[in-house]
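[1] please work out how this folds:
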Amino acid sequence: MEKTTQLPLHDRAQVLTEALPYLQRFAGKTIVIKYGGNAMESEELKNAFAQGVVMLKAVGINPVVVHGGGPQIGSMLERLNLETRFIQGMRVTDSSTMDVVQMVLGGLVNKEIVTLINNNGGRAVGVTGKDGRFIMARRLKVTHKTPEMSAPEIIDIGHVGEVESIDTSIVEMLQNSNFIPVVAPIGVDESGLSYNINADLVAGHLAEALNAEKLLLLTNTPGLLSKEGELLTGLDSAQVEKLIADGTIYGGMLPKIQCALSAVSNGVNRAHIIDGRVPHALLLELLTDQGVGTLITGGQKP
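    The predicted structure follows:
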């Protein structure tokens with residue numbers, strides 16, 4: 001017979017009582033979660049994420065999941081022998097590439113997450129921003145300028161968009177019917193053209209539109225780190241701006257931080273950048289005193 005390691009009964013009770021004030025505080029509130037990175041690759045992490053989402057819904061919190069899928073898109077393009085080019089970190093998306101993006105994000109990835117949540121006892125429904133035209137988009141303008149140029153060059157990267165507006169009615173309808181919305185970051189313009197939009201940006205704008213209690217961005221890092229490699233948390237907007245100015249925040253972390261800042265400046269109470277490589281990171285950040293990532297607020301330190 002195998003021996004299993006379990007927490008003593010007293011410690012298990014302590015975990016539950018520590019979660020109680022958070023459960024009471026967030027009951028009935030909306031939490032928007034951007035799901036991606038390593039958390040989407042490991043079977044253990046995928047199931048832990050789904051269990052966390054299902055638990056939140058079961059205790060009266062309203063999770064909304066927004067997912068990415070860049071690696072899956074890249075793999076499918078390679079299988080189809082379609083060239084992939086990037087400009088300023090963004091995938092050039094012509095009509096053929098956009099067809100693949102819709103197939104992968106709106107079909108393969110979205111339905112895999114829906115199935116994962118449903119298999120863990122939830123009731124998830126997958127949508128894209130084209131459903132009910134709830135994410136209206138416009139073409140993203142990318143500019144390039146060198147000291148030798150008198151005016152910046154506008155670069156066409158195709159069907160890459162940014163959020164113009166969000167109609168939350170379809171998400172609210174699903175929430176009120178006890179479903180968990182799973183959103184693929186595809187938008188549509190007035191003429192019906194589809195656009196691939198950065199999932200962090202969609203999550204941030206959706207959190208603002210829903211007046212969410214929290215925005216959580218799952219990453220492949222422990223959170224925001226100081227220049228010495230220490231985890232920073234409990235930051236207000238002014239402190240974050242200083243970290244941007246002194247170069248502590250740079251590179252791939254910068255867009256996530258700017259997304260978090262926008263959210264807390266536009267009605268979202270808290271934004272979190274958390275380590276998606278940690279099993280049950282979602283529950284640990286939301287329902288424990290210590291947490292597993294970086295907390296950002298709009299005002300003074302909490």
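[2] C-alpha only now, for contacts and for neighbours.
    Will do.
[3] distance of residue 208 from residue 236?
    Distance, residue 208 to residue 236, using C-alpha to C-alpha, to the nearest Å: 17 Å.
[4] that's a helix at residue 207, yeah?
    Yes - assessed by DSSP: H, G, I helix; E, B strand; the rest coil, residue 207 belongs to a helix.
[5] picking up where we left off before, which of residue 208 and residue 236 has more neighbours?
    Using other C-alpha atoms under 10 Å as the criterion, residue 208 and residue 236 rank with residue 208 on top: 23 against 19.
[6] contacting residues around that one?
    263, 266, 267, 268 (C-alpha atoms under 8 Å, 6 or more residues apart in numbering).
[7] what does the pLDDT read for it?
    Looking at residue 208, its pLDDT stands at 96.
[8] what's around residue 243, how many residues?
    Residues near residue 243, counting by other C-alpha under 10 Å: 16.
[9] revised request: answer the last question for residue 84.
    13.
[10] residue 15 too?
    Residue 15: 13 neighbours (other C-alpha under 10 Å).
[11] beta partners of the most centrally placed residue in the chain?
    Closest to where the C-alpha atoms of the chain average out (C-alpha atoms, centre = their mean) is residue 34, at 1.4 Å. The partner list for residue 34 in beta bridges (DSSP bridges) reads residue 66, residue 217.
[12] that one against residue 199, yeah?
    Yes - applying C-alpha atoms under 8 Å as the test, residue 34 and residue 199 come out as touching, 7.0 Å apart.
[13] between those two, what contacts are shared?
    Shared contacts of residue 34 and residue 199, defined by C-alpha under 8 Å, 6+ apart, comprise 66, 67, 68.
[14] the last one contacts residue 39, correct?
    What it means is residue 68. No - look at residue 68 against residue 39 with C-alpha under 8 Å: they stay out of range, at 11.1 Å.
[15] any regions of the stretch 101-250 of the chain where pLDDT drops low?
    In the predicted model, the stretch 101-250 of the chain carries pLDDT under 70 at residues 143-154.
[16] what ranges does it have for its strands?
    Here the stretch 101-250 of the chain has its strands, by DSSP state E, counting those that start in this stretch, at 124-128, 135-139, 142-144, 153-155, 161-166, 180-184, 186-188, 194-196, 214-219, 235-236.
[17] does anything pack onto the first one? Which helices or strands?
    Spelled out, that is strand 124-128. When contacts are defined as 3 or more C-alpha pairs under 8 Å, 6 or more residues apart in numbering; DSSP states H and E, strand 124-128 sits against helix 110-119, strand 180-184.
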